[in-house]
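J.: What shape does this take:
(one chain, ligands or ions: 1)
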Amino acid sequence: MEDLQAEVVVIGSGMGGATAALALARRGVDVLLLERGARLPRELENWSPRAVFVQRRYKAADIWYDGRGRPFAPGVHYVVGGNTKVYGASLPRLRESDFGAVEHHEGTSPAWPFSYADLEPYYAEAERVYKVHGTTGEDPTEPWRSAPYPHPPLEHEPYVADLAERLRGVGAHPSSNAMGVDRGPAGTCIRCGTCDGFPCRVGAKSDAETCAVDPALAEGLRLATGALVRRIVPDATGRRVDHLVVESPSGQGVVRGGRFVLSAGAVNSAALLLASRTDSHPAGLANSSGQVGRNFMMHNNAHIAAVDVDRLNDVTFQKTLSVNDWYADGGDDHPLGTMQLIGRVDEVMMKSWAKAVPLALLRQVARRSVEWLVMAEDLPDRQNRVTVDARGRITTARVARGRSTHRALHRRAKTLLRAAGYDAVFTQWFDIAMNSHQCGTAVAGLDPATSVLDPWCKAHDLDNLWVVDASFFPSSAAMNPALTIAAQALRVVAESDLAS
Ligand SMILES: Cc1cc2nc3c(=O)[nH]c(=O)nc-3n(C[C@H](O)[C@H](O)[C@H](O)COP(=O)(O)OP(=O)(O)OC[C@H]3O[C@@H](n4cnc5c(N)ncnc54)[C@H](O)[C@@H]3O)c2cc1C
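T.: The predicted model follows:
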């Protein structure tokens, strides 16, 4: 690989890296974006449940290990756009209370080193960049906003509209999901049934490639694909990153820059910092606090399928409704979390985890079920951590905290759905491999002794390294993370020295 140089070098083209690259390029900064993967091809298999969920066509081939040394295939995607290429494009803001300390039954969710008000203008900007559709006035927990959603909410299909009525009838307050798709009179979204978990074959999903990388290329960004960063190397002072060691199909090379942005995803960013240890940074780069890799979180999540045996579910685009009634308070002054409709789950997708159940039976279930994500906060714990051994093997050790909250939310969800007319609820609890909401491995904070990054995501230990992926999250909250990652990346570019 030829040696490269840029004013700012960004590692990783997912939500954080691509959004930062776009904001930098729009300011006229010379940016080089290094991505280990290639562009995900547009092809028939994009929409095939078998190719995507059974053959795992777009997943990374990596094997990681859990805390007991058991191997698993992680839910990560090494392509331009990162995990957003397959994400569900559900793009809510965190709630205002998420930025303060919140008492849970199993501990305290720590305060962030900046407030909702600090991030609010960048949420608004991120919603424009990622074409978010939504509405206000329905969700009892929605935070205040300085501008309306840039696009109207996605319409519910009749089955979902009826479901919303049923939920209202039993006292709940269902609200429209905030969704990032190119829908509208001139939009390209066709409201297919393969948005959530699949790549978009028509390029209508607001992923980081479509909404950030491609527009940034038009502003002068340089993108190098197949560029796997192996080490981040500091200079002799130990205070500045000097260069990156990068591996590509054509060999190893060096990339130099004035400033560096790490955004390889929460697990890979921590692994890269730890693997970049030197004499000046013996515990790993930017790790004088010992916090790099610790506080690994991924939400306490479950998918549930609620079955009404008397009614077929004929919805195509299902992901338009949420229930946040117990997000901040489940009735005893403690938060529970959110439940959100997800994309339709067919029998092939169900079979990928309900392996013992005959396909024909799963087909009957799938035709009569409506599927939800039931998501509660995963509390940070220093023992839950990412480590990397001398051979580069990654371990994510985790004993989930907040499980009693998650179980309580799950019970509430089941009771609500039964009251709304459903006969049975089936549950798939997420395991360590379903780490799509990974975060927290290089937390932002005010105190260099207890955090890795400052409130603008610059490493306390280095003068020219920023980390803008989900690593910076001091807490996971209980909302989908991607819009918050994008908003903070925009804030970092606008308010720190990164662009100057
Ligand atoms: C199936 C699925 C559904 C999801 N649905 C939603 C949703 O509806 N809403 C939501 O908010 N979130 C959702 N998420 C989560 C969301 O996609 C992530 O939170 C978000 O993409 C994380 O952004 P990031 O910048 O931290 O990392 P990523 O987006 O994962 O980007 C990391 C990038 O770094 C690259 N990289 C890694 N290591 C290196 C290296 N050493 N050198 C060079 N490049 C490297 C990777 O290839 C990748 O492109 C979903 C995720 C999945 C998998």
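
J.: Check which helices and strands the longest helix anywhere in the chain sits against.
T.: For the chain, the helix with the greatest residue count under DSSP state H is helix 403-419. Judged by 3 or more C-beta pairs under 8 Å, 6 or more residues apart in numbering; DSSP states H and E, helix 403-419 is in contact with strand 300-307, strand 369-376, strand 424-429. For every residue, glycine as well, the C-beta is placed using N, CA and C.

J.: I'd assumed residue 387 was in a strand, is it?
T.: Yes - looking at residue 387 with DSSP: H, G, I helix; E, B strand; the rest coil, it is inside a strand.

J.: What is the least confident helix or strand in the chain?
T.: Every helix and strand in the chain was compared by mean pLDDT, DSSP states H and E; the lowest is helix 347-351, with a mean of 90.

J.: packing partners for that one?
T.: By 3+ C-beta pairs under 8 Å, 6+ apart, helix 347-351 packs against helix 359-368.

J.: what's next to the helix it packs on, contact-wise?
T.: 305, 307-309, 311-313, 344-348, 350-351, 354, 426 (C-beta atoms under 8 Å, 6 or more residues apart in numbering).

J.: Also stretch 183-191?
T.: 133, 151, 154, 181, 182, 202, 203, 204, 205, 316, 317.

J.: I'd like the distance from that stretch to the chain centre, please.
T.: Taking C-alpha atoms, centre = their mean, to the nearest Å, the mean C-alpha location of stretch 183-191 is offset from the chain mean by 24 Å.

J.: ok, now stretch 409-427?
T.: Using C-alpha atoms, centre = their mean, the offset of stretch 409-427 from its chain centre is 26 Å.

J.: My read is that residue 160 contacts residue 316, right?
T.: No - the criterion here is C-beta atoms under 8 Å, and residue 160 misses it with residue 316 at 10.4 Å.

J.: Those two: which is more packed in?
T.: residue 160 (22 against 14; other C-beta atoms under 10 Å).

J.: does the more buried one count as helix, strand or coil?
T.: Going by three-state DSSP: residue 160 is helix.

J.: Then residue 232?
T.: Residue 232 ends up strand, using three-state DSSP.

J.: And for residue 243?
T.: strand.

J.: How about the residues of this structure by the ligand?
T.: 11-17, 34-37, 75, 78, 82-84, 86-91, 197, 227-229, 263-266, 268, 272, 436-437, 469-470, 480-482, 485 (C-beta under 6 Å from any ligand atom).

J.: Among these, which lie within helices?
T.: Checked against DSSP H, the residues of the chain next to the ligand include these in helices: 15, 16, 17, 266, 268, 272, 482, 485.

J.: Do I have it right that the third one meets residue 11?
T.: Yes - proximity of residue 17 to residue 11 meets the contact threshold set by C-beta under 8 Å, at 6.7 Å.

J.: Going along the chain, name the helices of the stretch 151-300 of the chain.
T.: Ranges of helices in the stretch 151-300 of the chain, per DSSP state H, counting those that start in this stretch, are 158-169, 208, 214-218, 266-275.

J.: circling back: how about a markdown table for the helices and strands packed on helix 403-419, with mean pLDDT and mean neighbour count added?
T.: Formatted as a markdown table, those follow (pLDDT from 0 to 100; neighbours: other C-beta atoms under 10 Å):
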| stretch | mean pLDDT | mean neighbour count |
| --- | --- | --- |
| strand 300-307 | 97 | 22 |
| strand 369-376 | 98 | 25 |
| strand 424-429 | 95 | 16 |
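
J.: ok so, going back, contact partners of the least confident helix or strand of the chain?
T.: 49, 50, 53, 54, 197, 305, 357, 359, 362, 363, 365, 366.

J.: Buried ones in that helix, by neighbour count?
T.: By 16 or more other C-beta atoms under 10 Å, the buried positions in helix 347-351 come out as 347, 348, 349, 350, 351.

J.: same question, stretch 116-127
T.: For stretch 116-127, a neighbour-count test (16+ other C-beta under 10 Å) marks 116, 119, 120, 122, 123, 124, 125, 126, 127 as buried.

J.: can you count the residues close to the residue of the chain found nearest the ligand?
T.: Here the chain gets closest to the ligand at one residue, residue 14, 1.8 Å apart by C-beta to the nearest ligand atom. Counted by other C-beta under 10 Å, the residues lying close to residue 14 total 34.
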